[in-house]
Every structure is written in structure tokens, then in C-alpha cells.
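Trainee: sequence and predicted structure are below.
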Amino acid sequence: MAKRSLKILILPNQSYHTNRAMLTEFWNKEFSKLGHRVIWVTQSEKSLRRVKIGRWKGSKIYLIPTSPRTNLWEMIKNIVSGLIYKFIVANNIMREENVDIVHAHDGAYEGILGLYLSKRYKKIFSFGYTSLFTEMERSDLYDFRGIEFLLRFIRYKFREIGYKLISRHADMVFPISRYMGERLAKNENVPIDKIFPIPQCATEHFLNFKADDNKEKEKEIIYTGTLGKPRKIDFLLKTFKLVLEAHCDAKLLLVGWGERKGDVQDLVNYAKKLGIEKNVEFTGKQPYHKMPAYISKAMVGVSPIPPLPHFLVSTPTKCVEYLSLGIPAVANKEIYDLEEMLTKSGGGFAVKYDENEFADSIIWLLKHPEEAKGLVSELKTLKKNADLEKKAIED
């Protein structure tokens with residue numbers, strides 16, 4: 001019997017044009033290829049004065065008005081006005097289109113909105129988790145003082161309540177790893193039969209990138225992603241200082257952004273304090289389409305993640321991207337998915353969150369480039385992840 005084509009309304013908290021593989025490859029591309037119709041309602045990265053309707057790789061997308069976020073008050077205003085616009089647009093879609101599933105991704109506000117719409121119109125509601133957001137927020141709260149602390153605390157409590165409601169009332173919950181699913185079942189009392197883990201996947205943009213394999217690489221180590229204080233990038237700088245003792249011509253490339261004002265400058269100052277600033281480059285945030293070129297030039301990709309409870313069940317995208325480009329990775333084994341990924345793929349080293357162990361692994365990879373290439377020679381098979389994810393939903 002032929003499978004019925006579904007119509008899915010998706011409410012992500014990420015802005016368009018997002019580079020999240022889970023959204024671009026899985027929810028958008030894969031569902032469309034299966035013959036389902038996907039409708040997106042989200043904010044634009046660029047300022048908009050009115051709702052804009054467009055196409056995104058074959059799917060219909062509604063972009064809601066946004067304005068630049070220059071401070072906390074602007075952020076709050078954007079959240080409130082954005083939710084109002086999302087409700088109006090999504091409610092109209094639910095009235096006019098025969099939507100089968102309402103799916104919200106990551107956002108507590110989007111989740112509450114999606115849950116309400118699903119109950120009002122008697123539709124299936126699903127929610128996707130890529131991180132334990134309230135645990136992350138709670139650990140960062142006490143970095144703030146005064147009115148900013150109060151506002152962030154109120155936001156944290158509201159989101160905490162929101163995520164609990166969403167998790168318990170969703171028809172399906174899609175965590176990014178089985179470990180996160182187990183945590184949700186234990187801590188949030190989410191019924192295990194509603195949890196369907198969908199692992200992170202590589203994008204075709206990375207898998208299909210053609211690097212110049214004949215060009216000899218410099219001894220470059222790359223880190224991509226946030227440079228905010230919770231990620232403790234000073235750990236990586238101290239590790240790199242140890243690497244320089246064995247390879248004085250090595251270079252550390254940090255392709256990322258700070259989460260708060262001063263994050264990056266603090267790291268620049270720390271690199272100077274360690275005396276390694278000439279070998280460290282901060283590129284800032286780069287366009288997504290340029291990332292494969294940046295990463296493919298490196299000999300080693302690193303993913304040091306502080307082994308805090310909310311990070312243990314995460315799946316850092318950076319490691320998937322390194323491996324999809326054939327770049328060996330060094331990551332810490334306390335992060336469950338990273339240890340499993342590197343152990344099963346053989347694409348690098350999963351070590352303790354220790355500067356010396358990280359440095360030793362990086363030094364070995366720089367010293368043995370041919371062996372390092374061999375570690376990742378079969379990693380194009382990561383493309384099979386998309387098929388596994390598809391099967392998880394179809395089943």
C-alpha cells in the first residue's frame with residue numbers, strides 16, 4: 001500500500017538561512033524527497049519589515065519581521081513580536097492548509113505555540129531537541145548581576161516550565177542522541193515510547209566538497225563554533241601551547257564567534273599571555289558556504305567540550321563536519337556521542353578532557369600525516385546517517 005504524503009508545519013527557533021544539518025538535510029531535504037510537503041515559519045537573519053513568503057529547496061517558507069538585536073531589551077522585543085507574528089502566520093496556515101503534523105525544533109516558545117496549535121486543530125505534535133537548554137542556561141545564570149540577572153532568571157524559569165510541558169505532552173520527541181533521550185525519560189518523565197533519537201548527520205555541502213588532496217598541508221589545527229566562556233576555549237589555548245613545544249610551526253585556527261561582548265578579546269589577550277599569539281588566528285564567524293574550504297585545509301580538527309552534565313549528552317556538529325571532510329579529529333571521550341563516533345569510525349582519538357592527552361594526540365597526528373589520512377579514508381560512509389534517520393521516522 002502506498003504511503004500517504006504528509007503536510008508538516010515546522011516552527012524552528014533557528015533563523016533562516018540556517019546551516020543546521022538536522023534542519024537543512026533531514027527535515028527539509030529528506031522529507032521533501034519522500035514526497036511530503038514541508039512548510040516553515042521562522043525569522044530571517046536579515047531585518048524584515050513585513051512577512052515574506054518564499055521557497056527553500058522546494059519547501060514553502062514564511063519569514064517573519066525582525067529587527068537588529070542591539071541589547072537585552074531589543075532581544076525581548078524581538079521574541080515577543082516574533083511570537084505574535086509566528087502565531088498569526090501559523091494559525092492561518094493551520095486554518096487554510098490540511099496540516100498533518102506540527103513540529104517545533106529546539107525553542108521553548110515555538111514548542112508552546114506548536115503544542116497549542118496541535119491541540120486546537122487536533123493534529124500530531126512533535127518536538128526536536130539538540131541540547132538540554134535549561135541546564136545550559138542555569139549554569140550560566142550567575143555570570144550576570146542586577147536587572148540582567150533578574151530578566152534572565154525569569155526567562156530561564158519560563159523556558160524550564162515550557163520545556164517540561166512540551167516534553168510531556170508531545171506525541172513524539174526527537175532528541176539528538178539516545179543518551180539525551182535517556183536523560184529526558186529519567187529527568188522529565190517523558191514516556192520512553194514517545195522518544196525517537198535522530199542522530200546528527202553531515203550535509204551534502206560538506207560530503208560533496210572537493211578538496212585539493214595533492215596540495216601539501218600546513219600544520220594547521222582547526223576549531224569551529226562558539227568561543228563563548230562556557231566552552232572554556234582557554235583549555236584549547238593551553239593545549240596548543242604544549243603542541244608548539246613539539247611543532248613550533250603549527251598554527252591554531254579558531255573559526256567562531258563570542259556569545260557576549262569581550263569573549264573573543266579575552267581569548268586574544270590570553271593567547272598573548274601564553275606567548276602563542278603569532279601562531280593563533282581568530283577568523284570570526286564565517287559564511288556557511290566557506291566552511292568546507294576552511295576545514296579541509298587543516299590537518300587536525302579539535303572538539304574539546306567541557307564535561308559538564310548538559311554537554312555530556314550533546315552531539316557537537318563540528319566533529320561530524322571534520323570527519324565528513326576526511327579530517328581526523330581529537331575530542332574528549334566524556335561526551336558520549338563523540339567517543340562512540342570516533343571509536344566506531346576510527347576517524348581520530350577520543351581522549352580524556354586533559355590538556356596533555358589532547359596535546360599528545362594532536363602531536364601524533366601532525367607527526368604522522370600519512371597514518372592520519374588512513375584514519376579517515378572511509379569516512380564518506382557517514383552519508384548513510386541520513387538513511388538511518390529516514391528509517392527511524394518511517395518506522
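Mentor: Received it, and whenever you're ready, just let me know what you need.
Trainee: ok, for residue 348, nearest residue in space, not its chain neighbours?
Mentor: Nearest non-adjacent residue to residue 348, counting by C-beta to C-beta, 6 or more residues apart in numbering: residue 329, 3.7 Å away. Any C-beta I mention is one placed from the backbone N, CA and C, and that applies to glycine too.
Trainee: and the one you found, what does it touch?
Mentor: Counting by C-beta atoms under 8 Å, 6 or more residues apart in numbering, residue 329 makes contact with 300, 301, 302, 303, 319, 322, 323, 342, 347, 348, 349.
Trainee: same deal with residue 341?
Mentor: Each residue near residue 341 by C-beta under 8 Å, 6+ apart is listed here: 315, 319, 320, 323, 331, 347.
Trainee: swap the cut-off to 10 Å and go again
Mentor: When contacts are counted by C-beta atoms under 10 Å, 6 or more residues apart in numbering, residue 341 touches 199-200, 303, 315-316, 319-320, 323, 329, 331, 335, 347-348, 350, 382.
Trainee: one step back: of the contacts of residue 329, which is the most crowded?
Mentor: The most crowded member of the contacts of residue 329, judged by other C-beta atoms under 10 Å, is residue 322 (31 neighbours).
Trainee: remind me which helix or strand that residue belongs to.
Mentor: Residue 322 is part of helix 317-324, with elements assigned from DSSP states H and E.
Trainee: do you know how far residue 73 is from residue 268?
Mentor: Distance, residue 73 to residue 268, using C-beta to C-beta, to the nearest Å: 29 Å.
Trainee: the two: which is more packed in?
Mentor: Between residue 73 and residue 268, counted using other C-beta under 10 Å, the more crowded position is residue 268 (14 against 10).
Trainee: that one against residue 277, yeah?
Mentor: Yes. Residue 268 is within contact range of residue 277, at 7.2 Å (criterion: C-beta atoms under 10 Å).
Trainee: to the chain's geometric centre, what's the distance from stretch 248-265?
Mentor: Once both centres are worked out by C-alpha atoms, centre = their mean, to the nearest Å, stretch 248-265 turns out to sit 18 Å from its chain's centre.
Trainee: if we can go back for a sec, let's see which of the contacts of residue 329 end up in strands.
Mentor: The members of the contacts of residue 329 that map onto strands under DSSP state E are 300, 301, 302, 303, 348, 349.
Trainee: was I right about residue 133 contacting residue 109?
Mentor: No. Between residue 133 and residue 109 there is no contact under C-beta under 10 Å: 11.5 Å.
Trainee: common neighbours of these two, please.
Mentor: Common neighbours of residue 133 and residue 109, using C-beta under 10 Å, 6+ apart, are 13, 159, 162.
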